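turn this into a structure:
(chains A and B)
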Amino acid sequence: MPGKKTDKSQNEEFFRYGESMGDSVSPREIEKTPSPRAEQLRQFYFDAKSSVAMEFPYWYSRRWFALEGEIPIVRRAEALKTAFSHLTPAIFPQELLVMGKTNHLRGSYPMPWLSGSYFMDKSDRMYQEALDAGKLSADTVTKWGKGGGNVTKSVGKVVSIAGKFGLRQEELPVLIKLAKDWQNQSVEDVGHKYEQMVPGYSTKEAIMRSVICMFDSGYTLPQGREVINYYYPLNYGVDGLIKLCRDKIKEVAGSPEMDRLYFYQAVILTLEGLQSWILNYAKEARRLEKKASKPLKAEYRKIPEILEQIAHHPPRTFHEALQLCWTFHLAVLNEDCISGMSPGRLGQILYPWWQNDIKAGRLTRESTLELLECLRIKFTELDCFAAMGVVGGVLSGNTFNNLCLGGVNKNGENASNELEELFLESAITCATPQPTLTVLYDEKLPEELLLKGVECNKTGTGYPAWVGNHTAMEFLLNNYRAEGMNPEEARAWSIGGCLESSPGCWLPITLENRTYWIPGGSAGATSVGVHFIGLPKVLELVLFNGKDPRTREQVLAPHNKTLKTYNELWETMKTYLYETIKVLCLCNNIQHDAWRKITPPVINSFLKPDCLNKGKDIGQMGARYNTTFNVEVCGGINLVNSLVSLKKNVYEEQNFSLEELKKAIIYNFGYQNAEAIASYSLLEQKPGKEVAKWAKIHKLCLNAPKYGNDDAFADEILQEWESWFCEVCHEFKSLYDKPLYACQISVSTHGPMGAVTLATPDGRLGGTTFADASLSAYPGTDRHGPYALFNSATCWNHSCSQNSQLNLKIHPSAIKGRQGARKMLELIRSYMRKGGFHVQFNIVDSKMLKDAQVNPENYRGLMVRVAGFTQYWVELGKPIQDEIIARTEYDELG
Amino acid sequence: MNKEKVHRACEDYVSIDVFKGYCHTYQKLVNADEKACLNFVPIPKCGLCTNYQPQDETMGTCMSHESTFQDLTAKTCENFKWLKKD
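From the prediction side, this is the model:
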């Protein structure tokens, strides 16, 4: 069909579906500005570099080592209390919401009690040992963005750590000292000691060295990818919670199950630490008030009034409730190394206070908007300090605080409200990466909310993402039914992290004689276990008899099969992947066991139902739901396309032999190495001298059917893959003796995992980035429009997996105006009605991205959607930038 | 080093990052290591405390036995006592 084909145009380095929109760069249709206050705060953020502060780890460690012999969870709580009590308060002018992770605006810190090797000097023995064990291999193939807040080089009195964070030279000795103090006592070291007892452990090390798996779980990001629950402090206040624990201690002291006593004592100690932390901020605000001139004086006066209330009692107003939520959010993030601690359905949680304030005239829509803009800045300031392979290779510097809108309430009716529309509006006026937004799409949601969501999409920020409410509830019911979940409770779900379906629950809040059932998280981390297996790399092992041609290491035992039939190849693929998951699962269980014993989660536990009732922390299955470990995979579409090509070219049509294909792969189809030319997009690869020799095979590989075109041949292979993978995950058990489940997202792992993978049978060249997400088409291969792509994507049941992920890039002009908005809403509806779990959009002219790559200084505020998260363009590594540019741009939706 | 009158050692300095911060007194961004103004008020740090015993240029002990570092801000430390207020 003329004009409907996906093509690479002559002058542009991206694929397009539909007619070109011309040579000029199209701006985003919707552009609004924040309040002057938020604008100033956002400017502070733009100026800020990622910075490390050693206060917290210093005080934590000092107290910890002073209490040798104490009950572990009490010792941990004492350490947390001391650390929180000693944080230096930092208040910035114009802030309506205060408090931060550290005294730097964009601060974070290492947690050597989890892991210390990755921030040591490369010549240090700790670093070398971790490298040999494959624990830092992903770091070596991860690339950071050079701009934005990343401190990529040491300058003056600032030392660059892990390629991203700046540390004052004055604090470097204490960083090294603490890492050494924790040596052999950290979660990483203790876990490593015992994981070596797992049968086949050497295979696990080889897997990590080859970057077939991205990173270990238990000591890197042991919590997160979950939904926080603010209910207990909102309803009881901190004093109320302390009293509750003191009463519980009276009940349990000396009785069987003594661990409950220690848990309650730990909660009291930690809450006391949090009180000191909050009140130190109040004191600092009073100091500033004394010195400030008139307009600021009044603002500084209000801060301690709010903080002194929430340090002891439940909030009375929306502003206090918002500050409380932010404070407890920070508290959890300071407790552990966490990404993806999502606020959940915050507009529904805070609605009671907001409604009362609006009725009483204490708040207007404008003043609400300003507060919500301030909240966006606060969330955006969050940084997570972890190894380069984790923060860069997986997170791209993002912290994944997902705020959800819509869905249904306890009774199954529309749950959205006016406050949620203001959350959307604040994301339009004050575009920042955090919190990202997700609409829990349900047919019962009002048209106004949905169109507001589309309006927000048109700003080009990549949010809200759209997820199917019923598809997710079906997954949750299947996964948590054995632990007692019913349909009513399934409705309380939300997204944890970028896209992890997480269970929730309803709890009652009574304000002004009216009871509201508010949703909140009810499980610990819902994405821990096996962190990202590069599927095309496993297929590579199948083709090369278990050996990694890149590292020349024998990773898995040779299968010694001739792979004469497609069936034999497919069975070998399943066997190899099974072996890979098995050994990773066992090792990660040990790491998580070390985590729960050495650094039991106290804050997250007292927030999560039903830990306070049971007297158990999350690590002891105190939370309501505990079937929360998963197997994450990446590169699924390249795997499917490769299997399609193998089946068709090698086995059915016999266009070339497997041996010929393997040679072509080794020679990268005659192309140069992606790393050598510093480009990771299929479009920009440069042919080598012998390209003609491999051209025929390469063309056949490229021309084989591809996923995303409503093509039965390709879609059947996707179905077969999904049926097997979603089911086989249940055969592995977490340390809580619960089955694992499938998690199919890419985050940023498709960059580094593509970097270590040779050319693939689908024609993708070696070292280039995989297709993003789990259901996005490989750039340029979706040739029949979005609806054909949707048909392919929904050929399997998405509720069998914790998630699936589909990203689309649309040119702004394709959805321009009210008619365009409706067209886009119909597109979303169509996917949701087909049972699609998730779709998200980059509404951007690809030419703008190309320009931003060449002239980053002109695009400090430009944001793009990667895969489940939005990030500043200048902070993304080039492999991911290249992949986003290359994605098919839809200039038409028909 | 702790007696250096630079912005980052001043009580009215709030850190944007490791390079710079905001001066509450003059309401402007300032470089962390630049010389402070006449309104400089030192912020408590371990190196300015009577309980601090230096061991080398950066590290020392607190209360004779706990290891600490002289640049650690001690604004929230219950045991801080000014060594000598400039």
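
now do the SS call for the residue nearest to residue A:586 when sequence neighbours are not counted.
Closest residue in space to residue A:586, ignoring its immediate chain neighbours: residue A:198 at 4.6 Å, by Cβ to Cβ, 6 or more residues apart in numbering or on different chains. Backbone N, C-alpha and C define where each C-beta goes, glycine included. Assigned by DSSP: H, G, I helix; E, B strand; the rest coil, the conformation of residue A:198 is coil.

how many neighbouring residues does residue A:198 have?
19 (other Cβ atoms under 10 Å in any protein chain shown).

contacting residues around it?
Neighbouring residues of residue A:198 by Cβ atoms under 8 Å, 6 or more residues apart in numbering or on different chains: A:204, A:583, A:586-587, A:590.

then residue A:385?
A:52, A:108-111, A:162, A:165, A:337, A:391.

of the contacts of residue A:198, which is the most crowded?
Top of the contacts of residue A:198 by neighbour count (other Cβ under 10 Å): residue A:587, with 29 neighbours.

after the helix or strand it falls within, next one along is what?
Residue A:587 belongs to helix A:566-598 when assigned by DSSP states H and E. Note on helix A:566-598: by DSSP H and E, the next helix or strand toward the C-terminus is helix A:603-607.

where does the residue nearest to residue A:401 when sequence neighbours are not counted land on pLDDT?
Spatial nearest neighbour of residue A:401, chain neighbours left out: residue A:435 (4.2 Å); criterion: Cβ to Cβ, 6+ apart. Looking at residue A:435, its pLDDT is 97.

returning to what we had before: dump the contacts of residue A:198 to CSV, plus pLDDT.
Formatted as CSV, those follow (pLDDT from 0 to 100):
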residue, pLDDT
A:204, 97
A:583, 98
A:586, 98
A:587, 97
A:590, 98
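
how about low-confidence regions in chain B?
B:1-3, B:84-86 (pLDDT under 70).

mind running it again at 90?
Residues of chain B meeting the criterion pLDDT under 90: B:1-4, B:64-65, B:84-86.

distance from the centroid: which residue in it tops it?
residue B:65 (21.1 Å; Cα atoms, centre = their mean).

against chain A, how distant is that one?
Distance of residue B:65 to chain A, computed by Cβ to the nearest Cβ, to the nearest Å: 10 Å.

just read off the phi/psi values of that residue.
Main-chain torsions, residue B:65, degrees, to the nearest 10: phi -130, psi -30.

need the residues of chain B near chain A, please.
B:1, B:12, B:14-20, B:22, B:24-25, B:27, B:29, B:32-33, B:58-59, B:66-73, B:75-77 (Cβ under 8 Å from any Cβ of the partner chain).

list buried residues within those residues.
Buried members of these, counted by 16 or more other Cβ atoms under 10 Å in any protein chain shown: B:12, B:14-20, B:22, B:24-25, B:32-33, B:58-59, B:67-73, B:75-77.

what segments of the stretch 551-700 of chain A are strands?
A:553-554, A:629-634 (DSSP state E, counting those that start in this stretch).

just checking: what are the partner strands of the shortest one?
Strands flanking strand A:553-554 in the sheet, each with its direction: strand A:547-548 (antiparallel) (DSSP bridges).

pLDDT of the partner strand, averaged?
98.

give me the residues contacting it.
Strand A:547-548 has contacts (Cβ under 8 Å, 6+ apart) with A:206, A:210, A:212, A:537, A:540-541, A:553-555, A:558.

just put those in CSV and tack on pLDDT and neighbour count.
Converted to CSV, those look like this (pLDDT from 0 to 100; neighbours: other Cβ atoms under 10 Å in any protein chain shown):
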residue, pLDDT, neighbour count
A:206, 97, 21
A:210, 97, 23
A:212, 97, 29
A:537, 98, 28
A:540, 98, 28
A:541, 98, 26
A:553, 97, 15
A:554, 98, 15
A:555, 98, 24
A:558, 98, 11
